[in-house]
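[1] okay, here's the prediction I keep looking at, along with the sequence it came from:
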Amino acid sequence: MDFDWKDLRNTVAKSAPVLGSLIGGPAGGAIGGLIALGLGVDATPDAVAKELAANPEAAIKLAQIEKERTVELQQLLVTSAQNELLADTARQHSVNETMRAEAASDNWPTYSWRPFVGFIFGLTFFGVYVILPIARVPVPVVPVEAWMAIGAILGVASWYRGKMQSDPRIHTDNRG
């Protein structure tokens, strides 16, 4: 079986929780190499997985590796969390910039698509869960992913719209 470093997360975490959380993240290869070195095997996920499955002493070695390198691993955990936060912030900033550009557009399809989606969502929800049962028509199964996708769009749009309405410094002409 071909393993990935992420596949070893739970197995490693049983003996060494910090190593387990790090092997499943962006630094997985480096942490996997550290574990492989400590176990005396090739620095591949397959070799480490085989050693962990075959050798009961491997769990003790993992705990020892974690204990010996606690400070370094904790610093790596903090750095990993900071990088994740920065990436999330950058993604959110990008979404906000896109929404600002759409709201400022003079092209009506660009600034009106989010409100349109909101109205269609409301009508669809009302139709599926109110009108169809009243009309004694079987309610179709709407995939959860469809509701989540529409809800995500509306959530972001509503948040930005609420921010515009609550802050007089943000210019709006009531579009989008």
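    That came in fine, so what should we check first? Since this is a predicted model, take the numbers as computed values, not measurements. Numbers count the residues shown, from 1 in each chain.

[2] now for the protein, the helix or strand with the poorest mean pLDDT.
    When each helix and strand of the chain is scored by mean pLDDT, DSSP states H and E, helix 144-166 comes last, with a mean of 77.

[3] what helices and strands are in contact with that helix?
    Applying 3 or more C-beta pairs under 8 Å, 6 or more residues apart in numbering; DSSP states H and E, one finds that helix 144-166 contacts helix 70-104, helix 108-126. The C-beta positions use only the backbone N, C-alpha and C, and glycine is treated the same way.

[4] what's the closest of the ones you listed to Glu51?
    Each of those was scored for nearness to Glu51 using C-beta to C-beta, and the closest is helix 70-104 (19.9 Å).

[5] average pLDDT for that closest one?
    Taken as a whole, helix 70-104 carries a mean pLDDT of 82.

[6] what of stretch 45-53?
    88.

[7] about what we covered before: how far does the least confident helix or strand of the chain sit from its chain's centre?
    17 Å (C-alpha atoms, centre = their mean, to the nearest Å).

[8] same check, this time on stretch 116-125
    For stretch 116-125, the distance to the chain centre is 26 Å (C-alpha atoms, centre = their mean).

[9] now stretch 113-123
    That offset, for stretch 113-123, works out to 26 Å (C-alpha atoms, centre = their mean).

[10] so which bits of it are buried?
    Within stretch 113-123, the residues scored as buried using 16 or more other C-beta atoms under 10 Å are 114, 118, 121.

[11] before we move on, what about stretch 45-65?
    Those would be 45, 47-52, 58, 61-62, 65, for stretch 45-65 by 16+ other C-beta under 10 Å.

[12] can I get that stretch as PDB, trimmed to CA atoms?
    Written as PDB, here are the backbone C-alpha positions of stretch 45-65 (Å, rounded to 0.1, in the frame of the first residue of the first chain):
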ATOM      1  CA  PRO A  45       5.900   7.000   4.300                       C
ATOM      2  CA  ASP A  46       5.800   3.300   3.400                       C
ATOM      3  CA  ALA A  47       8.900   2.500   5.300                       C
ATOM      4  CA  VAL A  48       7.800   4.400   8.400                       C
ATOM      5  CA  ALA A  49       4.300   2.800   8.200                       C
ATOM      6  CA  LYS A  50       5.800  -0.700   8.000                       C
ATOM      7  CA  GLU A  51       8.200  -0.100  10.900                       C
ATOM      8  CA  LEU A  52       5.300   1.300  13.100                       C
ATOM      9  CA  ALA A  53       3.200  -1.700  12.300                       C
ATOM     10  CA  ALA A  54       5.900  -4.300  12.700                       C
ATOM     11  CA  ASN A  55       7.900  -3.000  15.700                       C
ATOM     12  CA  PRO A  56       6.200  -2.400  19.000                       C
ATOM     13  CA  GLU A  57       9.300  -0.500  20.200                       C
ATOM     14  CA  ALA A  58       8.700   2.100  17.500                       C
ATOM     15  CA  ALA A  59       6.000   3.800  19.500                       C
ATOM     16  CA  ILE A  60       8.500   4.300  22.400                       C
ATOM     17  CA  LYS A  61      11.000   5.700  19.900                       C
ATOM     18  CA  LEU A  62       8.400   8.200  18.600                       C
ATOM     19  CA  ALA A  63       7.700   9.400  22.200                       C
ATOM     20  CA  GLN A  64      11.400   9.700  22.800                       C
ATOM     21  CA  ILE A  65      11.900  11.800  19.600                       C
END
